[in-house]
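Undergrad: Predicted model follows, preceded by the sequence.
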Amino acid sequence: MFKLKENFLLGVATASTQIEGGRVNSNWNDFCDRKMTNDGSDVARANMHYEKLEEDTELLKKMGIQTYRMSLEWARIEPEKGKFDTKAIDHYKEELSLLKKAGIRPLISLYHFSHPMWFENSGGFTKKENVEVFLNYVKTCINELGSLCSDYVTINEPNVYAVQSFFLGLWPPEKKSIAKTLKVMNILIAAHCKAYDLIHEIRKEKGLTDTRVSFAHHMQAFHPKDKNRKADQRATKRISKIFQDGIMEACFKGEFSFPFKNILNIKKKNYVDFIAINYYSRQAVRGLSYKAFENTPKNDLGWDIYPLGLIECAQTCYNCLPLPIVISENGTCDNKDEFRCRYIYDHLKLISESPLPFEAYYHWCFIDNFEWKEGESARFGLVHCNYETQERTIKKSGEFYSEMIKKRGVDKPMMEKYVEPCKYNVK
């Protein structure tokens, strides 16, 4: 049992590509057109959130959600290079207005893995000159929407995008190159730093002084496979440096170290106003590879469930730059909603007991959605979606989360009803 700290906000997170549905000329629509998802599902369906905006906002309000992380679909806003769609922009104005009317604080992500095909065909984030193209999109978004939202994420998980798309070749454009992976990471770091300055500049010109900008940093709890084996200890430090620590230092403070390069003359200064962490799992490291530990709790995708890793990652970030901390994503694939209540409880209990300055927690995800290459088969939501009928049903975990918001914590009756019946699957 625990009590949430005063002023600590509980929210949910989504991404436009994963929930909106509809046909847009993006890299992910193209990926689905080529039948590349594991289950054959198509991003054009998803949750049809673009059409169900009012219904979904009412559902958020009903659940008592305090803050909502959403992203903008670049391919809708700028369907052709330099040509912006006013209808798409007006749609996001409506969404932000509905949220504010419902008393829900928005957090906008400007880039969440999805971009127009014209950007992809021009080289995307493999070309540093395209940083200016991205900044032009950011400029338009902030000019049009900046008065409706104060908090922004420039880029979601630059390390994940680079690794999945250019090292493992699992996401579009399905490349496998260490050199390109590092190049894309360097370009995304520069894009974040430049966007940080631009957002502050535009909102300041508008007389808005409450601007807060960060990037959503995906972190994993990397541990040596054998904690007593020195080779595993060294390998763990090396992988953590390349995957997350080096990017953190560059995006937080403009400090670059091998193998990262300062490609656009980024000055040494702070480039985040708060720390935003996406945390899901732990990895056992040996040599140049990592995978889940054996005989530990796992979710339905085989990811290691290790709540303490959230605190470990938050401490690492805070040691780098002591700022307020937001958990911008945390959740689990639990297709039958059998252990999600315990997962939420275990992570939030540690947050509530930590001396670190946590400000907010965004559960991933609000509703079962299109989960990238996994398609519709991996369910992360607090709300169940019947994809055939588009009917929404709040799950038991959603009821638990809603009650936690109302009671500002978890009491004994909630423990007995929601948490104690849950059992993790050990594999």
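TA: Good, I have the coordinates.
Undergrad: Quick check, pLDDT for residue 59.
TA: Looking at residue 59, its pLDDT is 99.
Undergrad: quick one: contacts of the helix or strand containing it?
TA: Element membership for residue 59 (DSSP states H and E) is helix 53-63. Residues outside helix 53-63 that contact it (Cβ atoms under 8 Å, 6 or more residues apart in numbering): 12, 47, 49, 68, 91, 94-95, 98-99, 102-104, 366-367, 382-383, 392, 394, 398, 401-402, 405. Where you see a C-beta, it was placed from the backbone N, CA and C, and this is true even at glycine.
Undergrad: Please repeat the previous calculation with a cut-off of 10 Å.
TA: Outside of helix 53-63, the residues that reach it under the criterion Cβ atoms under 10 Å, 6 or more residues apart in numbering are 10-12, 14, 19-20, 47-50, 52, 65-68, 91-92, 94-95, 97-99, 101-104, 366-367, 382-383, 390, 392, 394, 398-399, 401-403, 405-406.
Undergrad: Could you list the buried residues of it?
TA: Along helix 53-63, the positions that meet the burial threshold by neighbour count (16 or more other Cβ atoms under 10 Å) are 53, 56-57, 59-60, 63.
Undergrad: From those residues, pick the one nearest residue 133.
TA: Taking Cβ to Cβ as the measure, residue 133 lies nearest residue 53 of these, at 28.3 Å.
Undergrad: can you give me phi and psi for residue 92?
TA: phi -70, psi -30 (degrees, to the nearest 10).
Undergrad: and what of residue 217?
TA: Given degrees, to the nearest 10, the pair of backbone angles that residue 217 has is phi -100, psi 110.
Undergrad: so it touches residue 251, yeah?
TA: Yes: taking contacts as Cβ atoms under 10 Å, residue 217 lies within contact range of residue 251: 7.2 Å.
Undergrad: intersection of neighbour lists for the two?
TA: Both residue 217 and residue 251 are in contact with 155, 158-159, 192, 272, where contact means Cβ under 10 Å, 6+ apart.
Undergrad: Take those residues and keep only those in strands.
TA: Secondary structure from DSSP state E places residue 155 of these in strands.
Undergrad: Out of the shared contacts of residue 217 and residue 251, list just those in helices.
TA: Among the shared contacts of residue 217 and residue 251, the members found in helices (DSSP state H) are 158-159, 192.
Undergrad: For these, which single residue is the most surrounded?
TA: Per-residue neighbour counts (other Cβ atoms under 10 Å) across those peak at residue 192, which has 28 neighbours.
Undergrad: Let me see the contact set for that one.
TA: Counted by Cβ under 10 Å, 6+ apart, residue 192 has contacts 110-111, 131, 134, 153-155, 158, 213-215, 217, 247, 250-252, 266, 271-272.
Undergrad: and what of residue 151?
TA: For residue 151, the residues meeting the contact criterion (Cβ under 10 Å, 6+ apart) are 67, 69, 105-108, 210-214, 273-274, 276, 326, 360.
Undergrad: from memory residue 218 sits against residue 112, does it?
TA: No: shown here, residue 218 and residue 112 do not form a contact pair, counting by Cβ under 10 Å, at 11.7 Å.
Undergrad: about what we covered before: now, of the contacts of helix 53-63, which are buried?
TA: Buried members of these, counted by 16+ other Cβ under 10 Å: 10-12, 14, 19-20, 47-50, 52, 65-68, 91-92, 95, 98-99, 104, 366-367, 382-383, 390, 392, 394, 398-399, 401-403, 405.
Undergrad: still on that earlier bit, now the angle from the helix or strand just after the helix holding residue 59 to helix 53-63?
TA: Sequence-wise, the next helix or strand downstream of helix 53-63 (DSSP H and E) is strand 67-71. Note on geometry: by axes from the mean of the first three to the mean of the last three Cα atoms, to 10 degrees, strand 67-71 and helix 53-63 are set 150 degrees apart in direction.
Undergrad: counting contacts, what elements does strand 67-71 pack onto?
TA: Taking 3 or more Cβ pairs under 10 Å, 6 or more residues apart in numbering; DSSP states H and E as contact, the helices and strands that strand 67-71 lies on are strand 9-13, helix 16-19, helix 53-63, helix 86-101, strand 105-109, strand 151-156, strand 325-330, strand 358-364.
Undergrad: Filter the contacts of residue 151 down to the buried ones.
TA: 67, 69, 105-108, 211-214, 273-274, 276, 326, 360.
Undergrad: Can you report how many residues neighbour the closest residue to residue 306 other than its chain neighbours?
TA: Once its chain neighbours are removed from consideration, residue 306 has its nearest residue in residue 282; the separation is 3.7 Å (Cβ to Cβ, 6 or more residues apart in numbering). Here the count is done by other Cβ under 10 Å, and residue 282 has 23 residues near it.
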